[in-house]
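Engineer: next comes the sequence, and after it the predicted model I'd like to discuss.
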Amino acid sequence: MSLPFVLSSAMDTYEQIEATRGESPSPATPPAAPEGAPDALAAKSQELAAKSQEFDRLQDRYLRLQAELENFKKRTAREKAEFLKFANEGLLLDFLPVLDGLERALRSARATTGSDSLIEGLEMIVRLFRNSLDKAGVKAVEALGQPFDPTVHQAVAMEEGDGDPVVVEEVQKGYCIEGRVLRPAMVKVSRATAAAADSPSSEDRRA
């Protein structure tokens, strides 16, 4: 192989290398978007909206249950307080006739001469009994001289009068516990007769 041929081949190779170096590289082609991407995004949005609605529903249910629990606690505490307040109602009602008997004995002793020591003893017992009832929330019903009130008075006798019904005699004392009637007072009531009710009043006569 002759020298000129070798030199000619080397020059051709060199020119090809230089020509290759001078060419600018082609820009990188961006990756193509995966098929179905918009549909997947819409599906995710719908799923997120559904989860948000489910969260709101569960939160509302939780708040409702919490409110119901608080109401249940308050109602239970109120019922417990009511039960404790009136738990001894039956027992106290059974003791009232004992107090009635002591008071009758005291009245009888006061009507008898020479019973000072007996009166003193009975007064002490009655006083202790009344103090115990007072601590239990039991109060005597006002009756004598009061307008007749059927919610706390039980009329067992009537007599003629000239006005609105009024209690003129207390046959048996009544009692209330915490504002509720434990035993109504048995009373005698005066009431206006038909003639008195129909007759004009003094003011009408003056008129």
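Structural biologist: Thanks, I have it. Numbering: from 1, shown residues only.
Engineer: below-threshold pLDDT in this structure: ranges please.
Structural biologist: In the predicted model, the chain carries pLDDT under 70 at residues 1-37, 193-207.
Engineer: biggest helix in it, by residue count?
Structural biologist: What stands out as the longest helix in the chain, according to DSSP state H, is helix 37-86.
Engineer: just confirm residue 169 is within a strand.
Structural biologist: Yes - counting by DSSP: H, G, I helix; E, B strand; the rest coil, residue 169 is part of a strand.
Engineer: now do the contacts for the residue lying closest to it once chain neighbours are set aside.
Structural biologist: The spatial neighbour of residue 169 that comes closest, neighbours along the chain excluded (C-beta to C-beta, 6 or more residues apart in numbering), is residue 188 at 3.8 Å. C-beta: built from backbone N, CA, C; applies to glycine. Listed by C-beta atoms under 8 Å, 6 or more residues apart in numbering, the contact partners of residue 188 are 155-159, 167-171.
Engineer: if you set the cut-off to 6 Å instead, what comes out?
Structural biologist: 157, 168-169 (C-beta atoms under 6 Å, 6 or more residues apart in numbering).
Engineer: assign it to helix, strand or coil.
Structural biologist: Quick answer, by three-state DSSP: residue 188 is strand.
Engineer: same thing with residue 160?
Structural biologist: strand.
Engineer: how close does it get to residue 167?
Structural biologist: For residue 160, the distance to residue 167 equals 15 Å [C-beta to C-beta, to the nearest Å].
Engineer: more neighbours: those two, which one.
Structural biologist: residue 167 (21 against 11; other C-beta atoms under 10 Å).
Engineer: just checking, the more buried one touches residue 146?
Structural biologist: Yes - Residue 167 is within contact range of residue 146, at 5.3 Å (criterion: C-beta atoms under 6 Å).
Engineer: of the contacts of residue 188, which is the most crowded?
Structural biologist: residue 168 (17 neighbours).
Engineer: list the beta-bridge partners for the residue lying closest to that one once chain neighbours are set aside.
Structural biologist: Leaving aside its chain neighbours, residue 168 sits nearest to residue 190 (4.9 Å; criterion: C-beta to C-beta, 6+ apart). Beta-bridge partners recorded for residue 190 (DSSP bridges): residue 159, residue 166.
Engineer: give me the three-state assignment for residue 182.
Structural biologist: Under three-state DSSP, the three-state class of residue 182 is strand.
Engineer: so who does the nearest residue to it once chain neighbours are set aside touch?
Structural biologist: Among residues not flanking residue 182 along the chain, residue 175 sits closest, at 4.5 Å (C-beta to C-beta, 6+ apart). Contacts for residue 175 (C-beta under 6 Å, 6+ apart) come out as 138, 140, 182-183.
Engineer: what residues of stretch 122-141 count as buried?
Structural biologist: Residues of stretch 122-141 classed as buried: 122, 129, 133, 136-138, 141 (neighbour count, 16 or more other C-beta atoms under 10 Å).
Engineer: what sits up against it?
Structural biologist: Contact with stretch 122-141 is made by 92, 99, 102, 105-106, 109, 152, 173-178, 185, as judged by C-beta under 6 Å, 6+ apart.
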